[in-house]
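**Q** I'd like to go over a predicted model; first the sequence, then the structure.
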Amino acid sequence: MRKVRMGAVRGSAVMGGCCLFTLALLGGCDDQDAAPAVAHPVVEIALHEPIAQVLVRSPLPFSKDCLKPVRMCWYKIERSGNDKNLPVALIGGEHGVRIEQVSGISTVIDEALGDTVSNIDINLRGLPDNSPYTEQQAFILQRIAELKSAGWKRYYLPSEPRVSGSQADKIPSGDNVLGHYVLNHPWLDPDYPIPLEHWLHDKSFYSWYFHRDDAYLHVWSWCWDDRQAPMERATCLTTLQFQSEYDFWSSSFEENERPRWKELMPAKLAKDRETRRGVEEQLRAAGIEIDDSYQDPPIKALAP
């Protein structure tokens with residue numbers, strides 16, 4: 001629903017074997033002499049694991065593209081949306097979630113920091129082009145429901161007001177809260193019903209943030225209206241970006257400051273929370289309730 005800040009986007013991607021947790025099987029394992037036909041290869045990847053381990057385990061090859069002067073390498077699996085055998089991504093470890101019908105999996109490795117995965121981007125094939133908006137909404141919200149079932153919880157950025165979907169009817173705009181721009185808008189709170197009229201109000205960009213343990217997840221969808229029926233049909237692209245604490249928070253700083261991110265974070269958090277406090281005071285005065293029950297999750301890397 002809102003314009004995305006592209007500079008923050010980087011990233012990406014995860015288990016397979018005979019008759020192993022796939023969406024569908026083309027054949028079973030009744031005949032011990034016959035090799036099982038697995039409909040969708042399962043690519044497992046986890047935050048904090050060595051990229052070499054991901055590559056060895058993957059049933060599909062990752063392409064590799066490195067920029068040696070900055071010691072950065074991009075690893076990708078890309079498939080056409082028309083592919084009948086799209087992979088399943090399994091985000092492993094404590095952040096586990098299974099994601100089906102994946103057209104892209106990628107991750108960026110900063111070799112100056114080591115060889116472990118700190119970001120994972122997953123692109124979904126989604127529905128056919130120009131599908132009804134009602135179906136596009138249902139598809140995206142089903143993916144959100146699957147993430148919630150896997151333990152991912154809604155996350156408020158520290159500078160943004162804690163306004164839940166219970167207050168959606170008090171807010172007239174889909175890209176801000178009474179003039180304050182937010183990326184995790186109350187209209188899209190997955191814990192509350194989202195009326196189609198809110199979905200259609202500002203149809204270009206939809207955004208959600210989630211948190212689980214020491215990881216962060218940004219889900220966003222771009223939608224392009226069908227020219228013939230702009231209020232009824234659209235083509236949507238959905239991306240899930242998983243990030244470690246380091247990857248999420250260090251991107252808040254300039255390149256030369258990132259090695260010192262833990263030292264700089266307390267001052268940044270204090271500034272962000274003061275911004276939130278001021279905004280929330282204005283919203284309370286305007287009759288909008290603040291979700292005081294929500295408390296920012298601790299940043300584990302800053303623990304004593």
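**A** Nice, I can see it.

**Q** in stretch 259-277, what counts as buried?
**A** 261, 264-265, 269, 272, 275-276 (16 or more other C-beta atoms under 10 Å). C-beta: built from backbone N, CA, C; applies to glycine.

**Q** One more: stretch 219-233?
**A** By neighbour count, and taking 16+ other C-beta under 10 Å as the criterion, the buried residues in stretch 219-233 are 219-221, 223, 225-226, 233.

**Q** How about stretch 107-123?
**A** Residues 107-110, 116-123 are the ones in stretch 107-123 that count as buried (16+ other C-beta under 10 Å).

**Q** quick one: low-confidence ranges for the stretch 1-150 of the chain?
**A** By pLDDT under 70, the weakly predicted segments of the stretch 1-150 of the chain are 1-38.

**Q** And the strands in it, which stretches?
**A** 42-45, 63-67, 72-78, 88-91, 97-99, 102-110, 119-124, 131-132 (DSSP state E, counting those that start in this stretch).

**Q** pLDDT score assigned to S204?
**A** Looking at S204, its pLDDT reads 79.

**Q** which one's the longest helix in this structure?
**A** When every helix of the chain is counted residue by residue (DSSP state H), the longest turns out to be helix 261-285.

**Q** Identify the residues contacting that one?
**A** Contacts to helix 261-285, defined as C-beta atoms under 8 Å, 6 or more residues apart in numbering, come from residues 157-163, 177-178, 180, 246, 249-250, 252-253, 257, 290, 296, 299, 301-302.

**Q** Go again with 6 Å.
**A** Contact with helix 261-285 is made by 158-159, 161, 180, 249-250, 253, 290, 301, as judged by C-beta atoms under 6 Å, 6 or more residues apart in numbering.

**Q** who wins for neighbours among those residues?
**A** Going through the contacts of helix 261-285 with other C-beta atoms under 10 Å as the criterion, the one with the most neighbours is P161, at 26 neighbours.

**Q** Does that one belong to a helix, a strand or coil?
**A** Taking DSSP: H, G, I helix; E, B strand; the rest coil as the rule, one finds P161 in the coil state.

**Q** separation between it and I288?
**A** Counting by C-beta to C-beta, to the nearest Å, the gap between P161 and I288 amounts to 8 Å.

**Q** which residues sit against stretch 69-84?
**A** Residues external to stretch 69-84 that are found in contact with it (C-beta under 6 Å, 6+ apart): 60, 62-66, 86, 103-112, 125.

**Q** Could you do stretch 179-197 as well?
**A** 144, 156, 160, 163-165, 167-168, 171, 174, 198, 207, 209, 279.

**Q** Save those residues as CSV, and put in neighbour count and distance to T238 too.
**A** Supplementary listing: the contacts of stretch 179-197 in CSV, determined by neighbours: other C-beta atoms under 10 Å; distance: C-beta to C-beta, whole Å:
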residue, neighbour count, distance to T238
I144, 19, 10
Y156, 20, 21
E160, 21, 22
V163, 27, 24
S164, 17, 23
G165, 20, 20
Q167, 20, 26
A168, 19, 22
I171, 20, 24
G174, 20, 18
H198, 20, 18
S207, 18, 11
Y209, 20, 15
V279, 21, 29
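
**Q** I'd like the buried residues of stretch 259-277 laid out as JSON lines, including distance to D129.
**A** Below are the buried residues of stretch 259-277 laid out as JSON lines (distance: C-beta to C-beta, whole Å):
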{"residue": "W261", "distance to D129": "41"}
{"residue": "L264", "distance to D129": "44"}
{"residue": "M265", "distance to D129": "43"}
{"residue": "L269", "distance to D129": "43"}
{"residue": "D272", "distance to D129": "39"}
{"residue": "T275", "distance to D129": "40"}
{"residue": "R276", "distance to D129": "40"}
